[in-house]
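Trainee: Pasting the sequence and the predicted coordinates here, then a few questions.
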Amino acid sequence: MRAAMAVVLAVVALGARPPGERESADGWRLVVLGTAQDAGMPHLACESPPCSEARAGRLKPERVSCLGLVHRGSGRSYLFDATPDFREQVHALTGGRLPDGIFLTHAHIGHYTGLMYLGKESVAARDVPVFATRRMATFLEANGPWKLLVGGRNVALRVLEPDEPVHLGQGLKVTAFPVPHRDELSDTVGYLIEGPRARAVYLPDVDRWQTWDRSIRDLADRVDLLFLDGTFADADEVPGRPLSEIPHPLIPDTRALLAGARGRLLFIHLNHTNRQRGAPDVAREGQEFPL
């Protein structure tokens, strides 16, 4: 017994993982690759904090909201949204290797325009799976320059059916669910991401919770992590534009609605006007979570 205990103590002292933890370390990891609204931070024409602080080097610039999934053992990886910061985010997730699939939420600039880096002017990718709703896929097929990616087989569209899980192997499945939002060009979805150890929700854009025909509170009680729309914290953040024109749930309202819920709340997709940066429940680029 003393000899066995000595071995255990030696293992701990050396910083090695006890038996059984290797699989966990090599499993799926959910990685925060960006936290800002579609146009990033610093924002064009913004001369006040936090943009001025970022331009002066006193605050780290923020990439556009995106989550990554990577399996440390096999190297497989997936992106949730293809942002204008696609190149840097792929590098942060895999060291530059293209992901094994990309899940799109909708057709606003911060969520799909990074697909341009898969074309012949860049990497000339071959059949990268892009998961999207029927309406989003039709938009990509019918409009340039995206239809060039489809026709040139840089991407391979995979049409998602709402509430139908996509099984990706190694204990991972992803399910799209519809949410209300400004749907000028496509519809909008969030994602339930389920791994062997945890379940997460990615929902960067949504109108008021009251306009949704589902309950975010019920969803929050069934998962471990929620990456939710944190665009605005105050209705007066954008001078001259009523929030009715850009409807997003305010951070204080979401906090109150989900107080005491099972899942851990992390806000994502912050507008450059949002003063909540640094709050404990605001996601930070580089955070990782076992899935």
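Mentor: Happy to help now that I have it.
Trainee: Helix, strand, or coil at residue 253?
Mentor: The three-state label given to residue 253 by DSSP: H, G, I helix; E, B strand; the rest coil is helix.
Trainee: Which residue comes closest to it once chain neighbours are left out?
Mentor: Excluding its sequence neighbours, the residue lying closest to residue 253 (C-beta to C-beta, 6 or more residues apart in numbering) is residue 209, at 7.5 Å. For every residue, glycine as well, the C-beta is placed using N, CA and C.
Trainee: From residue 34, how far off is the one you found?
Mentor: 23 Å (C-beta to C-beta, to the nearest Å).
Trainee: Neighbour count for these two, which is higher?
Mentor: The residue with more neighbours, out of residue 209 and residue 34, is residue 34; 28 against 19, by other C-beta atoms under 10 Å.
Trainee: The more buried one pairs with what?
Mentor: Counting by DSSP bridges, residue 34 is bridged to residue 66.
Trainee: For it, give me the pLDDT.
Mentor: At residue 34, the model reports a pLDDT of 98.
Trainee: any idea how far it lies from residue 257?
Mentor: Residue 34 is 25 Å from residue 257, where distance means C-beta to C-beta.
Trainee: my read: the residue nearest to residue 253 touches residue 256, true?
Mentor: No. If you go by C-beta atoms under 8 Å, residue 209 and residue 256 don't touch, sitting 10.7 Å apart.
Trainee: give the contact list for the closest residue to residue 63 other than its chain neighbours.
Mentor: Leaving aside its chain neighbours, residue 63 sits nearest to residue 34 (3.5 Å; criterion: C-beta to C-beta, 6+ apart). Shown in contact with residue 34 (C-beta atoms under 8 Å, 6 or more residues apart in numbering): 62-66, 83, 85, 89, 285.
Trainee: Let's have these in JSON lines, adding pLDDT and neighbour count.
Mentor: Formatted as JSON lines, those follow (pLDDT from 0 to 100; neighbours: other C-beta atoms under 10 Å):
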{"residue": "62", "pLDDT": "97", "neighbour count": "22"}
{"residue": "63", "pLDDT": "98", "neighbour count": "22"}
{"residue": "64", "pLDDT": "98", "neighbour count": "27"}
{"residue": "65", "pLDDT": "98", "neighbour count": "33"}
{"residue": "66", "pLDDT": "98", "neighbour count": "32"}
{"residue": "83", "pLDDT": "98", "neighbour count": "26"}
{"residue": "85", "pLDDT": "98", "neighbour count": "21"}
{"residue": "89", "pLDDT": "98", "neighbour count": "25"}
{"residue": "285", "pLDDT": "98", "neighbour count": "18"}
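Trainee: List just the nearest of those residues to residue 249.
Mentor: Comparing those against residue 249 with C-beta to C-beta places residue 65 closest, at 15.1 Å.
Trainee: So that closest one is in contact with residue 271, correct?
Mentor: No. Counting by C-beta under 8 Å, residue 65 sits too far from residue 271 to count as a contact (10.8 Å).
Trainee: Which neighbours do these two have in common?
Mentor: Common neighbours of residue 65 and residue 271, counting by C-beta under 8 Å, 6+ apart, are 36-37.
Trainee: Show me the beta-bridge partners of residue 62.
Mentor: Beta-bridge partners of residue 62, as defined by DSSP bridges: residue 41.
Trainee: Make 47 the starting number, not 1.
Mentor: OK, 47 is where the count begins now, so the last one is residue 108.
Trainee: Could you verify my assumption that it touches residue 331?
Mentor: Yes. At 6.8 Å, residue 108 counts as touching residue 331 under the criterion of C-beta under 8 Å.
Trainee: Give the residues shared as contacts by those two.
Mentor: The contact sets of residue 108 and residue 331 overlap at 80-81 (C-beta under 8 Å, 6+ apart).
Trainee: on that earlier part again, how much space separates the residue nearest to residue 299 from residue 147?
Mentor: From residue 255 over to residue 147 the distance is 29 Å, taken as C-beta to C-beta.
Trainee: do residue 279 as well
Mentor: Here residue 279 is placed at a distance of 33 Å from residue 147 (C-beta to C-beta).
Trainee: Then residue 336?
Mentor: 20 Å.
Trainee: per-residue confidence for residue 52?
Mentor: Residue 52 carries a pLDDT score of 39 in this model.
Trainee: repeat for residue 188
Mentor: 98.
Trainee: give me the number of residues near it?
Mentor: Close neighbours of residue 188, defined as other C-beta under 10 Å, add up to 10.
Trainee: now do residue 88
Mentor: 21.
Trainee: pretty sure it is in contact with residue 94, am I right?
Mentor: No. The pair residue 88 / residue 94 is not scored as a contact, 10.1 Å apart, by C-beta under 8 Å.
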